[in-house]
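Q: Next one to model:
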Amino acid sequence: MPAKTNKQKKAAIYARVSSTSQKDGAGISRQNARCKATCKSIGAKVALEVSEVVSGSLPLKQRKIFNELMEKCKDKGVSNIVVEGTRAFSRNAKVSETIYERSKELGLNIIPVDVPDLLEHNPNPAQKFLRRVMFSYTELEKDMAVQRLQHGWNRKLTEAKKNHRTGQCKARLNQSGKVQINGRKSIVETKSLSGKQRRQLLEHTKLYFNGDVTVRELAKHFSKAMKLTKVMAAETARRTAHSLQKK
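A: Numbers count the residues shown, from 1 in each chain. Have a look, this model is predicted:
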């Protein structure tokens, strides 16, 4: 009789954040650490480790990396995907349910660190109820945060418009001359330019407004004039051109 082999189960770790600032911060590393601890506790070997910066509200068909992860897990015989929590893979109840159903089709177990048995493929009534409640709560939590941010943004914009109108404080203006409180700044607003540099940029700006160069060509001219190591983004070049035109 052949000896029995103890084949260790495999797991993939998935982490998600919605902005590059979170990726550079502790978001990804924290999620990975918690997921690895869970893999160790359930005796699973980490076979894949994936992270991405994407909105959790996007539908599954637009989640390229997550889709690729699930397909790769199926092909490589990795049956478990460990995530920090339900908000890690989605912030929309409908999308969460779609991902859950897809995991069942592929025979993959998605294991949230906070509630490991939440996404059981053959749930009892209590597990099914809790899954839907958690998906809905995650969406509610996200919507409330967005609403608070929007309210704060509107209040700040109203205050900036008032101060600009009364002359109390000069506000930043967009290309249409309207007050703005966010958005990418031009190099005129972020760097101290010498007289020579300003004259060089103004010459390139005239070419742009005369239609002699495209915005991408303008970006290359600006990069050379500013001795930048990388070509500036086209949108930043456009903003800079408009800033220079007003001065």
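Q: Quick check: closest non-adjacent residue to Leu106.
A: Closest residue to Leu106 apart from its sequence neighbours, by Cβ to Cβ, 6 or more residues apart in numbering: Lys74 at 4.8 Å. Every C-beta, even on glycine, is put in place using the N, C-alpha and C of the backbone.
Q: That neighbour is in what secondary structure piece?
A: Using DSSP states H and E, Lys74 sits within helix 64-76.
Q: circling back: how many other residues sit next to the residue nearest to Leu106?
A: Per other Cβ atoms under 10 Å, the neighbour tally for Lys74 reads 14.
Q: where do the helices sit along the protein?
A: Ranges of helices within the chain are 20-24, 27-41, 64-76, 86-89, 93-106, 125-166, 187-190, 195-209, 215-226, 234-246, based on DSSP state H.
Q: before we move on, back to that, you'd agree the residue nearest to Leu106 is up against Ser103?
A: No: with contact defined as Cβ atoms under 8 Å, Lys74 does not reach Ser103; the gap is 10.0 Å.
Q: how about the helix holding Lys74 as PDB, C-alpha atoms only?
A: This file holds the C-alpha atoms of helix 64-76, laid out as PDB (Å, rounded to 0.1, in the frame of the first residue of the first chain):
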ATOM      1  CA  LYS A  64      -8.900  42.900 -14.500                       C
ATOM      2  CA  ILE A  65      -6.400  42.000 -11.800                       C
ATOM      3  CA  PHE A  66      -8.900  40.300  -9.500                       C
ATOM      4  CA  ASN A  67     -10.400  38.400 -12.500                       C
ATOM      5  CA  GLU A  68      -6.900  37.300 -13.500                       C
ATOM      6  CA  LEU A  69      -6.200  36.200  -9.900                       C
ATOM      7  CA  MET A  70      -9.300  34.000  -9.800                       C
ATOM      8  CA  GLU A  71      -8.500  32.400 -13.200                       C
ATOM      9  CA  LYS A  72      -4.900  31.800 -12.100                       C
ATOM     10  CA  CYS A  73      -5.900  30.200  -8.900                       C
ATOM     11  CA  LYS A  74      -8.200  27.800 -10.700                       C
ATOM     12  CA  ASP A  75      -5.400  26.900 -13.200                       C
ATOM     13  CA  LYS A  76      -2.800  26.400 -10.500                       C
END
